[in-house]
Every structure is written in structure tokens, then in C-alpha cells.
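Enquirer: what's the 3D shape of this:
(chains A, B, C and D)
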Number of protein chains: 2
Amino acid sequence: MRARPTLEKVAARAGVSRATASRVVNGSTRVAPQIREAVTRAVEELGYVPNQAARSLVTQRSDSIALVFPEPATRVFSDDPTFAGIIRGVSLELEKADKQLVLMLTDMAGGYQRVERYATNGHVDGVVIASMHGTDPLPGVLARHGVPVVCSGRPSVPSSLPYVDMDNVGGARRAVRHLVERGRRRIAAIAGPQDMIAGIDRLTGYREVLHDSDRRSIIAVGDFTRDSGTAAMRQLLADDPEIDAVFVASDLMALGAMHALRQAGRRVPDDVAVVGFDDIPAASYTEPPLTTVRQPTLEMGRRLARMVLGQEEGTQVVLPTELVVRGSTTP
Amino acid sequence: MRARPTLEKVAARAGVSRATASRVVNGSTRVAPQIREAVTRAVEELGYVPNQAARSLVTQRSDSIALVFPEPATRVFSDDPTFAGIIRGVSLELEKADKQLVLMLTDMAGGYQRVERYATNGHVDGVVIASMHGTDPLPGVLARHGVPVVCSGRPSVPSSLPYVDMDNVGGARRAVRHLVERGRRRIAAIAGPQDMIAGIDRLTGYREVLHDSDRRSIIAVGDFTRDSGTAAMRQLLADDPEIDAVFVASDLMALGAMHALRQAGRRVPDDVAVVGFDDIPAASYTEPPLTTVRQPTLEMGRRLARMVLGQEEGTQVVLPTELVVRGSTTP
DNA sequence: GGGGAGCCTGAGAGCGCTCTCTGGAAGAAT
DNA sequence: ATTCTTCCAGAGAGCGCTCTCAGGCTCCCC
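Expert: Residues are numbered from 1 along each chain as shown, chains lettered A, B, ... in the order given. The predicted structure is shown next:
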């Protein structure tokens, strides 16, 4: 492990001052060509890489961005590819901008203060919050401290904070409209938690289409887990045995619902059609494969990153979702 | 956005020198109690948090650890909870040590140089590599530069590099022995890629048990994806219709295999028993639920972190795996 | 009572870098 | 020829912190 060369060394080798070497390294145009070249050569010969700490100290920038996942979210990490997509998207975009990605998985309790302190003290140039709960106080706190913040998901209370959201309402509408178009009469819904914007919006989409098509809504609420989907489906069947379709606000719950249907002796899609939401990998492995709504998670990550870097125009972005039709709604 | 207080401010408020304030902040014991308390109070009143850049500049430490995922791995990110577990484990342990987690998703091409430069230039105090390929050159390069490195998974070429591995051989043996104990006679295997240590070891375990129980092995090779599992199962059935059990080197492939079995009209477990490996969430959702081998991914992450921080004794750790018996092997 | 020994505290030197400010050279304008 | 402008390089201050070193104090022992 040889000692790392400093800018001083580079300057000496190139026969210029440290200031000039710095100018070249940072790409200033106001340097004579031959001097620029001499410095560039010295940099390469010495294998010089700027010391980030020293640079941060004077520029007050850290060249890194925090990506914050509330702990509850990380628990479903493994089940939910949304997060993986976001991480990849953010990573891709940060890499392009030569920024570092600092990942913070926090519990709501102590972790939040840690994030807050860390972020408000200039350790990062911005924060991307992958919070699914719209009432999260963290974004507001950070914004008040002047830290650039972007949220994934629209806050449930209207605010001026920048966010990137999926078109949950639109996706739900398309899904339910699909069921209507397939000739289903009695379309139930298994909703997600109503304290999450995704849960609320998806239910809204369902309600709107049902209202437009003069159908009565029949709803059970789950918490996005598979088991809650099973329970909700059982309840729906008990409430109304005539159900011939169900819109489920998450694929995981949809898997549970299909399980309940199978146990109840209903065939999918013949007796009951099922639509999910998320397009998790498992959705294409079920029998029959699950019709669902795909979300552009990678794109979401990219936009989040670009917004927090200030490269994006708008501050409130809604990305389109897409219906993926599979066997659970078509014979 | 108020200006952040500096150590100087804290010292002034506490009526001591900057050096003493620093000592208190860094927990030196050689400070008089009342002075310590005065400084502590000043720190709290001012909401002081040390400037990491300034600290790094003089200590030559960064207090952050890089977690590197080769890009191919991140593609299966969403399917494979192994990575989620590792991330969580690493995060947990780093948080405890007050270190930051810098996540780097890299492609083999340009990304590697980026990681190498970044890590060899003191930006991080250590690197955890979640590489699944044992022949990865990165660990060796970093180690040669004096950067602490730990790999997840044993390198396929023997080396002195520290690693944390799962007991793949042991897990496979237990799985296959379970099939033997259930009275299965003709036990096939769907192996993973033979350029990955996990693929190799799991096959080894299968071979050992089959050899010990005087059975003939019958093997097809997949690439850990679901589709490859389907294809492999079809081939196995074609090769030997008498198969009454199959050990599959990954759950994803096992899902594919079960799909193929169903299509071929074989009942699981009555006609053919199936054991997978990994215990992904979907494994408990199949019908019947999949018997599989669980890996302590969270623990793996923790150990990786502690090893790279130098908190761990051993340098080559193998964690135990556990057979989870479900319906795919028992009626 | 004098001299060590021991323990705290403060002064100050940098860590490596950026950035302002100054100076000097060269070219343009008078 | 003189002054003004323009442009580029260097000097130097400091970002906020840690850590060595030295000084001063107290306490103990002879």
C-alpha cells in the first residue's frame, strides 16, 4: 500500500503551483494548453485521485446521496421487487453523476434521528426517501433544514415537497376496466392499508370505474401481505358468493387470494378472475399466471436520483403504470 | 438552514479549548468530570455533530464501508432474498459501529475500475463483496492494496482471503438424506451453474449422499432461473421416467421443476418429491409448499460487516444451513 | 519543605484541497 | 510610447478536526 500522491506532488512533478494543478483537475478552462497537458500527464503517471475528504471540507459538498428505507419497508424487501428496482435506478443515475450512494435502513424509532442528524450536517448532498407512508415527518424536517429531498410516493397530505409517484389510480382503473371489459359483473376489491397512499389510490381507481359502470363495490382490506389477502378473499366470498372477479391491490395479496379461491373450490379465471398490482416475479409463476399492473420501478429510481441532484425540471412526477394481461383474467 | 456549529463553538461555549472539546467528543477518559459534563452540555445545546470530512482528513479514515454487488447479481436482486438479507445484516452491524454503508452496484466492465479506484484511495475503510462468482479478481486486487476485504461465498480457488460462506454442501446433504429417509429410490438433481461455488457445493452434497446410499445419480444442470428449472425437469423426466424425487439447487429452479412436473401429470409429493434450496418467500406459497434449505442471510450480512470491521476472530466462516420440511416432500 | 511523578489542559501544527486575490505578462487601445 | 484591458499563474488563507507536545497543576514521597 503505497502512499497516495497529493495534489502538491502532482503540481511539483508538472512544475506548476498547487492552485493550477487543482484547476486542471477540476476542469477549469482558463489554463494554457501545454500546462494543462503537463498536469494531466503528472496525474496519470502518479495515479492521482483527489482526496474526497479534503475536497468536501472546503467545498461543503460530500458528493454523496443518501437513500433512506424505513425499516418496515425493508422487511418486505425480499418479497417486493419495487425496492430493488428503485435501488438499481438510483444507483445507475448516481454513478453517471459520479456521486456515491449511501444506503440507510432505519427503524422509525432511533434511526430517524440518526438520518436527520446525518443529513442535516452536510454528510450528504441530498436524500431520497423510499417511504411508503405519506405521513412520514422526515421529508419535511430535512427540507426545512435545506437538504434536498425527494420522496418516492406522493405524500398523503398535500405539500410542495418533490416526489416521484406511480400512477396508482390510473393503474387500478385500467385493471378494473379490464375486468369490466371481460364481462365480469360482480367485481370485488381487496384494498391495501388506507394509511398508505398506494393503498388509497388503488382503491380510488377501483371505486371510480365501478361507479362509472354502475356496479356496486364490495371491498375487504388487507395489509399488502399474502396472508391478509387470503383472509380478505375468504371474507369476500362469505359476504357475497356471487363474486366473479376481484381486483387486488398487491400481487402478494393476490397470491393469497388465489390460494383462498382454490381452497374454496373456485377456478381462476373461470369462476373468478383475479388482477393484482406490482408485477412481482412470482406473479408470472402462479397457475394461472397473474394479470397485474406493472410499475416502472427502475425509472422511478432514476427520476428520484435526477431530481435530488437537481437535474430534473418538474418537482412532482407521476410515472405511468401498465396493465399486464395474463391467465388469471383470460382463459 | 442555520450554520452548523463547529467544535470551536462548542469549546467556546464550554469555556475550554478545542483540543479538550475534541477529547470529550471522542470519548477520551483523561478529562475531568465537570469539564466533560460542561462540554457534553454544550454539544447538546448546540446540536453539534462532528464534520466527517474534517475528521477523515486528519484520521485518514472514512468511517464508511463499501458493499459491492456485481451487476449480474443485482439482476436477480428482486427474485432472490439472499441479497436483501445480506444488505440488512450488513446495515444493522454497521449502524451499531456508527459506520456508513456505501452501496455500489457495478458491472464487470467499467464499474470494477471505479470500485477499485474508489476503495484503494481511502474513500472507504473496507469492502464487502457480495460476489457469487468465486473467480472474481476484485477481492485480490483490493487486498493487495491493503484494503480490508471480505467476500460472501468461498472463492473457488483456494486463497487466504477472508470470507463468509453458507454450508452449501451440508445443506444439500441434509436435503438429499431427507429424501432418502422418506424412502425415495430414484433421486435426481437439478444442479446450479458449475462456475459458482454455491452451484458446485450443492451438487457435491447431493453426490456424496447418493454415493453413501448406493444410488445412482442423475443430474441436469440449470442456471438458477425458474425457466432453466422447468427445462431441466423435463429433461430428467425424459431421461428416466422412474424418478420419484428431485433435489433442486435453488428454489427458483424448484418452482420451475414443479411446474414441469405438473404439466407432465406428476403429483408432488405423491409421485415425485421436491426439495429446493434458499427458502425464498415464494417457496412457502406454492402448492404444496416447498421443502427447502434455509440460509441465514441476515447473519451472513452481520458477520461480513463485523469481519470487515475487524471485530471478528476467524477469517473464514461457514454458517450452518437448515432444512425446512414442507409439503413437497411429506404428504 | 523540596523534588519528582502523574495527570490534565491548551497551544499549534498540519491533513489535502479549493478559491480568492494579487501580480505580471501580453495584447489592445489611445 | 503610454495606459488600459485581458488573461493566466501563484501565493496564501482557511475548511474543521485530531494529535503531539509542552506546560502547569496537584499530590505524594523522602
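Enquirer: Surely A:L323 and A:D279 touch.
Expert: No. If you go by Cβ atoms under 8 Å, A:L323 and A:D279 don't touch, sitting 9.7 Å apart. Quick note: C-beta positions are derived from backbone N, CA and C, even for glycine.
Enquirer: Tell me the residues that contact both of those two, please.
Expert: Common contact partners of A:L323 and A:D279 (Cβ atoms under 8 Å, 6 or more residues apart in numbering or on different chains): A:T292, A:V293, A:R294.
Enquirer: Which of these sits closest to B:V176?
Expert: A:T292 (36.1 Å; Cβ to Cβ).
Enquirer: so how many other residues sit close to A:L252?
Expert: Counted with other Cβ atoms under 10 Å in any protein chain shown, the neighbours of A:L252 add up to 29.
Enquirer: do the same with A:R266
Expert: A total of 19 residues lie near A:R266 under the criterion other Cβ under 10 Å.
Enquirer: Contacts only, for the spatially closest residue to it that is not a sequence neighbour.
Expert: In this structure, A:R266 finds its nearest non-sequential neighbour in A:V272, 4.9 Å apart by Cβ to Cβ, 6 or more residues apart in numbering or on different chains. By Cβ under 8 Å, 6+ apart, the contact set of A:V272 is A:I243, A:D244, A:A245, A:V246, A:L261, A:R266.
Enquirer: switch the cut-off to 10 Å
Expert: Neighbouring residues of A:V272 by Cβ atoms under 10 Å, 6 or more residues apart in numbering or on different chains: A:184, A:186-188, A:233, A:236-237, A:243-246, A:257-258, A:261, A:264, A:266, A:328-329.
Enquirer: Just give the number of residues close to the residue in the stretch 201-331 of chain A that DNA strand D sits nearest to.
Expert: Nearest residue of the stretch 201-331 of chain A to DNA strand D (Cβ to the nearest atom of the strand) works out as A:G310 at 22.5 Å. Here the number of neighbours of A:G310 (other Cβ under 10 Å) works out to 9.
Enquirer: Next one: it from A:M300, what distance?
Expert: The gap separating A:G310 from A:M300 is 18 Å, by Cβ to Cβ, to the nearest Å.
Enquirer: A:Y48 now?
Expert: A:Y48 is 37 Å from A:M300, by Cβ to Cβ.
Enquirer: Compare those two (neighbour count), which wins?
Expert: A:M300 (23 against 20).
Enquirer: Looks like the more buried one contacts A:T82 (just checking).
Expert: Yes. Taking contacts as Cβ atoms under 10 Å, A:M300 lies within contact range of A:T82: 8.2 Å.
Enquirer: Residues of the stretch 101-250 of chain A that sit close to chain B?
Expert: Applying Cβ under 10 Å from any Cβ of the partner chain, we find that the stretch 101-250 of chain A lies next to chain B at A:101-107, A:110-111, A:114, A:117-118, A:120-124, A:144-147, A:226.
Enquirer: Quick one: buried ones out of those residues?
Expert: Among these, those classed as buried by 16 or more other Cβ atoms under 10 Å in any protein chain shown are A:101-106, A:111, A:118, A:120-124, A:147, A:226.
Enquirer: now, the most widely separated pair of those?
Expert: A:G122 and A:R226 (42.4 Å).
Enquirer: hmm, the helix or strand containing A:E95 touching chain B?
Expert: Assessed by DSSP states H and E, A:E95 sits inside helix A:81-96. Yes. Looking at helix A:81-96 against chain B by Cβ under 10 Å from any Cβ, the contacts come from A:P81, A:T82, A:F83, A:A84, A:G85, A:I87, A:R88, A:V90, A:S91, A:L92, A:L94, A:E95.
Enquirer: now for the next helix or strand after that helix, which elements pack on it?
Expert: Downstream of helix A:81-96, the first helix or strand assigned by DSSP H and E is strand A:100-106. Using 3 or more Cβ pairs under 10 Å, 6 or more residues apart in numbering or on different chains; DSSP states H and E, the elements in contact with strand A:100-106 are strand A:64-70, helix A:71-76, helix A:81-96, helix A:110-120, strand A:126-129, strand B:64-70, helix B:81-96, strand B:100-106.
Enquirer: avg pLDDT for strand A:100-106?
Expert: Taken as a whole, strand A:100-106 carries a mean pLDDT of 90.
Enquirer: Repeat that for stretch A:187-202.
Expert: 93.
Enquirer: Put the alpha carbons of that stretch into PDB.
Expert: The C-alpha trace of stretch A:187-202 is given here as PDB (Å, rounded to 0.1, in the frame of the first residue of the first chain):
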ATOM      1  CA  ILE A 187     -66.200  -7.200  -9.100                       C
ATOM      2  CA  ALA A 188     -64.800  -7.100  -5.600                       C
ATOM      3  CA  ALA A 189     -61.700  -5.500  -4.300                       C
ATOM      4  CA  ILE A 190     -59.000  -6.300  -1.800                       C
ATOM      5  CA  ALA A 191     -57.600  -3.000  -0.800                       C
ATOM      6  CA  GLY A 192     -54.300  -2.100   0.800                       C
ATOM      7  CA  PRO A 193     -53.700  -0.200   4.000                       C
ATOM      8  CA  GLN A 194     -55.500   3.000   3.900                       C
ATOM      9  CA  ASP A 195     -52.700   4.900   5.600                       C
ATOM     10  CA  MET A 196     -50.500   4.400   2.600                       C
ATOM     11  CA  ILE A 197     -51.000   6.500  -0.500                       C
ATOM     12  CA  ALA A 198     -50.600   3.500  -2.700                       C
ATOM     13  CA  GLY A 199     -53.400   1.700  -0.800                       C
ATOM     14  CA  ILE A 200     -55.600   4.700  -1.000                       C
ATOM     15  CA  ASP A 201     -55.100   5.500  -4.700                       C
ATOM     16  CA  ARG A 202     -55.600   2.000  -5.900                       C
END
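Enquirer: Give me the distance between it and the centre of its chain.
Expert: 18 Å (Cα atoms, centre = their mean, to the nearest Å).
Enquirer: for it, which positions count as buried?
Expert: A:187-193, A:196-202.
Enquirer: Same question for stretch A:215-228.
Expert: A:R215, A:I218, A:I219, A:A220, A:V221, A:G222, A:D223, A:F224, A:T225, A:R226, A:S228.
Enquirer: Narrow those to those in helices?
Expert: A:R226, A:S228 (DSSP state H).
Enquirer: Can I get the buried residues of stretch A:215-228 in CSV including distance to A:V16?
Expert: Listed next are these as CSV, based on distance: Cβ to Cβ, whole Å:
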residue, distance to A:V16
A:R215, 77
A:I218, 77
A:I219, 72
A:A220, 73
A:V221, 69
A:G222, 67
A:D223, 64
A:F224, 61
A:T225, 63
A:R226, 65
A:S228, 67
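Enquirer: and the buried residues of stretch A:215-228 near DNA strand C, which?
Expert: Subset of the buried residues of stretch A:215-228 in contact with DNA strand C: empty, counting by Cβ under 7 Å from any atom of the strand.
Enquirer: Just the closest of the buried residues of stretch A:215-228 to A:R13, please.
Expert: Once Cβ to Cβ is applied, the member of those that ends up nearest A:R13 is A:F224, at 59.6 Å.
Enquirer: Isn't the closest one up against A:G276?
Expert: No. In this structure, A:F224 is not within contact of A:G276 by Cβ under 10 Å, at 11.2 Å.
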